[in-house]
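Asks: Sequence below, structure please.
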Amino acid sequence: MPKPRKTLVSLDATPYYHCVSRCVRRAFLCGDDPITGKCFEHRRGWIRDRMLVLADIFAIDVCAYAVMSNHFHVVLHVDRATAEQWTEDEVIRRWGRLFSGNAQVKQYLAGETLSASELELVSRDAQGWRERLTDISWFMRCLNEPVARQANREDDCTGRFWEGRFKSQALLDEKALAACMIYVDLNPVRAGMAASGEAAQFTSLKTRILKARSSPEPNNPLHQPTELMPFVGNAFAYDTKGLPMRLTDYLDLVNWTIQTNHQRRHGSPTNNAPPVLVRLGIDPEHWLYMAENFESRFKGLVGAAQALKAVCQRLGYRRTPSLHVCEMLFTSP
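Replies: As a prediction, the model looks like this:
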C-alpha cells in the first residue's frame, strides 16, 4: 500500500526530492503522437516554463528537470531557511502571484486601515502561506493543475490530464542526489530522443551545457543559469547555497555515462571512471545501473544504508524499504 506523503517528506532528513508526474494512460499528451499524427510538443514548453516561474515564487529550487512526451521529472530543493527570513509582506506578495487572497488581505495590500482582529487574520494567513511556499505538494499542485486546464481547453474536453498524484523520492545524501540528477537529465538520451546531453530538449542539462560553453568560469555560481540551483563544489567555496559538486565534474560524469553506455551496446571497452565517481565512492557498474533504473529500483527513500535507517526510525517505519538495494548500490567498489 502506498505511504502517505507526510511519511515520505521530512525536511529534517533532507531538502532534496525527486518528483514524477505522468499523463493519463501514458498517452502522448505532451509530445508528438506518431499514431494520430497530432503534435503536442508545445505543451512541454508549458510545463517547463510554469515550473521555472514557480521556482521564482516558492522557497523551492529546481536542481534538474526533464519534460518528456508523456511525463516529466523534476529534482527539487526545499529552502526552508530562506522562507523563514521572508517578511509577512514578502510572503503575501509571493502568494498573490498565484492566488488572489481573501478580503482582509486585499484590504491590507490596498493600504486600508484594519482592526487588530483583521490584522491577526492576515498574519495567520501569511504564516499558512509561508508553510505552503515550502511544500512540494503545493508546488506540484500549482504546476500540474494549470497545465491540465490549459490542455483541456485546447482539446475542448474535460477529465483527467495527469494519471494521479505525483510520485516522489527523498534523496538522503550526495550519492543519491547525484545519481538521481543524472537519471533525470539523461531521460531523453535513454529514450532515444537525443544522442547527447546538448541535444536533450526541455532538460536542465541542455540549459547548463549551453551556459557553460559561453562562460569563462563555468564553476562560478554567478555564471550558471539563474533559474536553476547552481553547482558550488564540495568545499562550498562560494558564499551561496548550491549543489555539492563542481559543474564541470557533473558534466564530465554525464558524458562518461553516455559514452560508456554507448560503448557497451557496441561491445567496445569502457573508459576509466571519472575522478568524481571515485570520490562519491560508487562502483562504476552500480552507477551505470542506477543511471538507467533509478526510479524503478528505489522506493520513497533513497540513500546510504546508515542514513536510510536513521530516517526510517525517525519517521516511525516498521521496516526499512529498499535497504538491501541501497546497501548494494551505494557501497564503495
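Asks: going forward, measure contacts between C-alpha atoms and count neighbours the same way
Replies: Will do.
Asks: quick one, what contacts the closest residue to A148 other than its chain neighbours?
Replies: Leaving aside its chain neighbours, A148 sits nearest to F161 (5.3 Å; criterion: C-alpha to C-alpha, 6 or more residues apart in numbering). If you count contacts by C-alpha atoms under 8 Å, 6 or more residues apart in numbering, F161 has them with C23, V24, A148, A151, N152.
Asks: Just the buried residues of the residues you listed.
Replies: C23, V24, A148, A151 (16 or more other C-alpha atoms under 10 Å).
Asks: between those residues, which is nearest T248?
Replies: When those are ranked by distance to T248 (C-alpha to C-alpha), C23 comes first, at 34.0 Å.
Asks: got the contacts of F161 as JSON lines, with secondary structure columns?
Replies: Listed next are the contacts of F161 as JSON lines, based on DSSP: H, G, I helix; E, B strand; the rest coil:
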{"residue": "C23", "secondary structure": "strand"}
{"residue": "V24", "secondary structure": "helix"}
{"residue": "A148", "secondary structure": "helix"}
{"residue": "A151", "secondary structure": "helix"}
{"residue": "N152", "secondary structure": "helix"}
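Asks: List just the nearest of those to V325.
Replies: C23 (28.6 Å).
Asks: check contacts around that closest one.
Replies: L29, N70, H71, F161, W162, E163.
Asks: so the residue nearest to S168 when sequence neighbours are not counted, which of the three states?
Replies: Closest residue in space to S168, ignoring its immediate chain neighbours: C19 at 4.4 Å, by C-alpha to C-alpha, 6+ apart. When classified by three-state DSSP, C19 comes out as strand.
Asks: can you pull the pLDDT of C19?
Replies: pLDDT recorded at C19 is 97.
Asks: for I182, same thing?
Replies: According to the prediction, I182 has pLDDT 97.
Asks: Helix, strand, or coil at it?
Replies: I182 - assigned by three-state DSSP - is helix.
Asks: contacting residues around it?
Replies: Neighbour list for I182: V254, A291 [criterion: C-alpha under 8 Å, 6+ apart].
Asks: Could you do K241 as well?
Replies: Here K241 is in contact with P230, V232 (C-alpha under 8 Å, 6+ apart).
Asks: Next, the residue at minimal distance from the centre of the chain: phi, psi?
Replies: By C-alpha atoms, centre = their mean, the chain has its centre lying nearest to V75, at 1.6 Å. Backbone geometry at V75, expressed as degrees, to the nearest 10, gives phi -100, psi 120.
Asks: pretty sure it contacts I60?
Replies: No: applying C-alpha atoms under 8 Å as the test, V75 and I60 come out as separate, 10.1 Å apart.
Asks: No further queries at this time; thank you.
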